[in-house]
Structure formats: structure tokens, C-alpha cells
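# Compute the structure for the input listed below.
(one chain, ligands or ions: 1)
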Amino acid sequence: MEVIKQVHTIRERVQALRCSGKTIGFVPTMGALHQGHLQLLNASAQQNDVTICSIFVNPTQFNNPDDYKLYPRTLDQDTELLQAVNCDILFAPAAEEVYPQQHTLLQFSFGALEAVMEGAHRPGHFNGVAIIVSKLFHLVQPHRAYFGQKDLQQVAIVRQLVHALSFDVKLVCFPTVREEDGLAMSSRNTRLNAAQRQAAPNLYKALKLAEAQLKQKEVPAIKADVVAYLSQVEGVALEYFEVADPATLQPVEDVRGVQEVALCLAAAVGPVRLIDNMLVNLNEV
Ligand code: AMP
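Presented below is the predicted three-dimensional model:
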């Protein structure tokens, strides 16, 4: 596997690949890789001639300086994992390489899509996501780019970005990979201590509880139950729980006549902020 740290080198490499007619699959990540990432990398390796993974903890998408500072960085271990899944190129630039000027004034607007959930609770987050995804798409010029449903709203934002800026890339989305106890895999899970790690699967349990009630109760009652359930779990502070339209991410107040909903939540488990979601087909519950 080739490890590239410079912007000019990845540009040259990608241009050569494109000229020789190779298809490029791209998996953008922030590293501390786990099975959720590896699923995307395996799919890319199967569907493209060349797979490029980026590892970049993007400062512009963090609204909390501690979260940025404490985000796990495990490049040596990641490099080994990438070699094992036949990744061809790792692009791992330094922040100064990606952002030669300290501040970017670029402002994106995603309208209603960013007014809810992660957009509402993490000011500037999706602007930072849009900047880095745009930059990486320009540098890597992928034919296909792989994302996880774990970050459902991010997928919707990137889809809108690709459409609005006419990026010639096909987005491929894969389901959330979970630990055996249901906890959604996340790089941030490594920051949980033993008690917090034990408490964390309750986020998934809360989503399952909501799923089981979708046909029996009104949405406000389901929300109240999720709030009550998680308020009993020590060390867990729920930030939001929403029943949303899976495409627009707008709140669904009444599920009657609705085909599918996304149950989405964010919570602090100790000092670590986690998100999770579940897509529910209402014809199947
Ligand atoms: P991150 O490194 O957290 O920015 O994630 C990089 C990509 O992996 C994003 O598209 C995430 O949605 C995806 N991803 C992260 N965790 C999971 C998971 N547990 N299951 C599936 N995809 C995931």
C-alpha cells in the first residue's frame, strides 16, 4: 500500500490512474478504523480497480475543541488494517497540507436538512463536512465514494452537495456495523471507560424500544418513553431523540400512512458524544 501525505502527490497519482482507465473507489475516514470502516473498504475493493482511503481528523467539522483534541489517532494500527483489506492508497495529510490558510470563509447552506438534529446541535459541523468532502472529492476524483448509515444525516448532506456541485461520483451507503451488544461501532467508543462502555448499548436499546412502539403509540409518547428510559441510565445524557423522514430528515409527527422512518439520537456517555440511528420499515413492524 502506498502512503501519500502531500496534496500534489495524490493529485499526480489520481491523474495517472484516471488516464490509464482505472476506476477509483474512495473511503473517507477520520481513522481509528473498525469493522464499520472495513466493511466500506471491502466493498470498494470489490467494486473498483483501485481503493483509496483517507484518514484525516478534519478540524473544521469539530465544534468542540476537546472532541478534536481527544479524537483517537492510531495511524500505525490503521495502516496495518488497511493493508489487510487490500487498500491500494492511504491518503493521510497533515492539517496544514489540507488547509494552508488557517481559516476558510467558505459557507455552505443546506437549508432544512441542516436545521435539525446534528446540524442544529453542532453549529458549523456540516459546513466543515461539506468543505472537507468537497476538497477530498476534488483531490481523489473517485468514481464511487463509500459512506456509512451510522452518519445518516451526513449521507443526506453529502448527497445534496454532490447534486448541487455536480460531482461526478456515485455515493454508496452501507448499514451500521454494531458490537455484539448492539452498540454502534465508533472510533469514539475507545474513549469510554468500563462503566461507560457498559452503559453505552442502552442507546441502541432505546432505539429498539422506540421501534417496538411505533405502531402502538403516538410519536410524542414514544419520545417521552425514550427520554424516561435513558434518564434512568447512569452516565447517559440524551441530547435529542427524533422520529424523522429518512430522506429529508425532517421530524415525523404522525406515522400513520408513512412507509419508513429513521429513529435518530445523540447522547453523551460520560464525556463522549455518541450518535446512533435505525431505519424502520413500518410495514414490517
Ligand atoms: P468516521 O471515521 O467516523 O468519519 O467514519 C468514516 C465513514 O465510516 C463514515 O462514512 C461513517 O458513516 C462510516 N462509519 C463509521 N462507523 C460506522 C459503523 N459503525 N457502521 C458503518 N459505517 C460506519
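
# and stretch 136-147 with the ligand, contact?
Yes - using CB under 6 Å from any ligand atom, we find that stretch 136-147 touches the ligand at residue 147. For every residue, glycine as well, the C-beta is placed using N, CA and C.

# From here on, call the first residue 29.
In the new numbering, first residue 29, that becomes stretch 164-175.

# which outside residues touch that stretch?
Stretch 164-175 is contacted from outside by 35, 38-39, 42, 46, 51-56, 68-69, 71-72, 75-76, 80, 82, 84, 119, 182-183, 186, 190, 195, 197-202, using CB atoms under 8 Å, 6 or more residues apart in numbering.

# show me where pLDDT drops low in the stretch 129-278 of the chain?
131 (pLDDT under 70).

# From residue 94, how far off is the closest residue to the ligand within it?
Of all residues in the stretch 129-278 of the chain, residue 176 sits closest to the ligand, at 2.1 Å by CB to the nearest ligand atom. From residue 176 over to residue 94 the distance is 24 Å, taken as CB to CB, to the nearest Å.

# In stretch 300-313, which residues are buried?
300-306, 308 (16 or more other CB atoms under 10 Å).

# out of those residues, which one sits closest to residue 233?
residue 304 (10.3 Å; CB to CB).

# Double-check that closest one against residue 232; I have them as touching.
Yes - the criterion here is CB atoms under 8 Å, and residue 304 meets it with residue 232 at 6.1 Å.

# what sits in contact with each of these two?
Residues touching both residue 304 and residue 232 comprise residue 212, with contact defined as CB under 8 Å, 6+ apart.

# dump the residue contacts of residue 215.
Residue 215 sits next to 58-62, 99-100 when contact means CB under 8 Å, 6+ apart.

# now residue 154
89, 136, 138, 142, 146-147, 181-182, 185.

# Could you list which of these belong to strands?
Residues of the contacts of residue 154 located in strands (DSSP state E): none.

# ok so, going back, please flag which of the contacts of stretch 164-175 sit within helices.
Judged by DSSP state H, the contacts of stretch 164-175 include 35, 38-39, 42, 46, 68-69, 71-72, 75, 182-183, 186, 190 as members of helices.

# ranges for the helices of the stretch 29-178 of the chain?
Using DSSP state H, counting those that start in this stretch, the helices found in the stretch 29-178 of the chain span residues 35-47, 63-75, 93-98, 103-112, 123-126, 145-149, 153-168.

# how about CSV for these, with distance to residue 226 added?
Putting the helices of the stretch 29-178 of the chain into CSV (distance: least, CB to CB, whole Å) gives the following:
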stretch, distance to residue 226
helix 35-47, 41
helix 63-75, 20
helix 93-98, 20
helix 103-112, 24
helix 123-126, 35
helix 145-149, 25
helix 153-168, 28
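
# Out of the ones you listed, which is the most enclosed?
Greatest average neighbour count among the helices of the stretch 29-178 of the chain goes to helix 153-168 (a mean of 21), per mean count of other CB atoms under 10 Å.

# picking up where we left off before, among the helices of the stretch 29-178 of the chain, which comes closest to residue 219?
Using CB to CB, the nearest of those to residue 219 is helix 93-98, at 6.4 Å.

# and the closest one, what other elements does it pack with?
Packed against helix 93-98, as judged by 3 or more CB pairs under 8 Å, 6 or more residues apart in numbering; DSSP states H and E, are no other helices or strands.

# which helices and strands does the helix or strand where residue 266 lies pack with?
Taking DSSP states H and E as the definition, residue 266 sits inside strand 264-272. Judged by 3+ CB pairs under 8 Å, 6+ apart, strand 264-272 is in contact with helix 145-149, helix 230-241, helix 247-259, strand 288-297.

# Helix or strand for residue 303, just tell me which one.
Counting by DSSP H and E, residue 303 is part of strand 300-309.

# Other residues contacting that strand?
Residues contacting strand 300-309 (CB under 8 Å, 6+ apart): 92, 95, 146, 177-180, 204, 212, 214, 216-217, 219-220, 224, 228, 231-232, 235-236, 239, 242, 267, 274, 287-296.

# Same check on stretch 67-79?
Contacts for stretch 67-79 (CB under 8 Å, 6+ apart): 45, 50-55, 81, 110, 113-117, 171-172, 174-176, 200, 202, 205.
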